[in-house]
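# Give the three-dimensional model of this entry:
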Amino acid sequence: MLQYLVQRAIRLVSTAKNPAVGDVQPASAVDLSHELIGKRCIVVGGTRGIGRGIALTLSRAGASVAAVGRNASAIVGEMESAAPNTCSTDADDDESRRQTLSAFSADLFTISGAKQLVTDLSEARVQPFDYVFFTVGCWPDYTDPFTADGIEKTVALDLFARHLVLASMIECPLLKTGARIMNTLASTQ
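Residues are numbered from 1 along each chain as shown. All right, here's what the predicted structure looks like:
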């Protein structure tokens, strides 16, 4: 079920937003590969939950993926296992179509953490992204509701962090012209 939801989300992101289009059928692995090989994606919140599923599905389809999370140590190995074995490493190949898989640790609960993520991306010299997936989020914490910056945690993560990361990525520039952005939130947020 998770793979179906991820594939459908990717398909919706990569098609025109026209009510006349109607229902979009789930994308097959071949469809995803045709659309995503050579594309660069970042999945903020990509180490757990639906973000992890999106990162793995994108890597399986041949896209270059940067996964961001609090604990990014295991996701690269998982993405490498999911990636097609046809990924080339020849120096003669077109660099823009070579699949790269990476992970970045970030604590987006703080303003400085959100800004540091973009600094880390810039310092790693990542190529500009075609797709940005924001899946990071948290449930309300009534016992410890505020971040170190004094902002309510769900507001800090679900609003401020997304805005700061995206605005900073535009400024750097780490987004391709026409990049597509997808935001995912829990149904109660």
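# Only C-alpha atoms from now on, for both contacts and neighbour counts.
Fine.
# Could you pull up the contacting residues of the spatially most central residue of the chain?
When C-alpha atoms, centre = their mean is applied to the chain, the residue found nearest the centroid is residue 43 (1.3 Å). Taking C-alpha atoms under 8 Å, 6 or more residues apart in numbering, we find residue 43 in contact with 51, 54, 55, 65, 66, 67, 68, 132, 133, 134, 135.
# since we're on the first one, how many residues are nearby?
Right, residue 51. 23 (other C-alpha atoms under 10 Å).
# cool, the second one as well?
Residues within reach of residue 54, counting by other C-alpha under 10 Å, total 28.
# list the helices and strands the one helix or strand it maps to packs on?
Per DSSP states H and E, residue 54 falls inside helix 49-60. Applying 3 or more C-alpha pairs under 8 Å, 6 or more residues apart in numbering; DSSP states H and E, we find helix 49-60 packed against helix 2-13, strand 40-44, strand 64-69, helix 75-82.
# One more pass at 6 Å, please.
Judged by 3 or more C-alpha pairs under 6 Å, 6 or more residues apart in numbering; DSSP states H and E, helix 49-60 is in contact with helix 75-82.
# Taking helix 49-60 as reference, get the angle to the helix it packs on.
50 degrees (axes from the mean of the first three to the mean of the last three C-alpha atoms, to 10 degrees).
# Residue 51 and residue 183: what is the separation?
Going from residue 51 to residue 183 by C-alpha to C-alpha, to the nearest Å gives 11 Å.
# what sits in contact with each of these two?
Applying C-alpha atoms under 6 Å, 6 or more residues apart in numbering, one finds that no residue jointly contacts residue 51 and residue 183.
# List the buried residues in the helix holding residue 54.
Judged by neighbour count (16 or more other C-alpha atoms under 10 Å), helix 49-60 contains these buried residues: 50, 51, 52, 53, 54, 55, 56, 57, 58, 59, 60.
# From the contact counts, what lies against the longest strand along the chain?
The residue-count maximum for a strand in the chain (DSSP state E) belongs to strand 175-183. Judged by 3+ C-alpha pairs under 6 Å, 6+ apart, the packing partners of strand 175-183 are strand 129-134.
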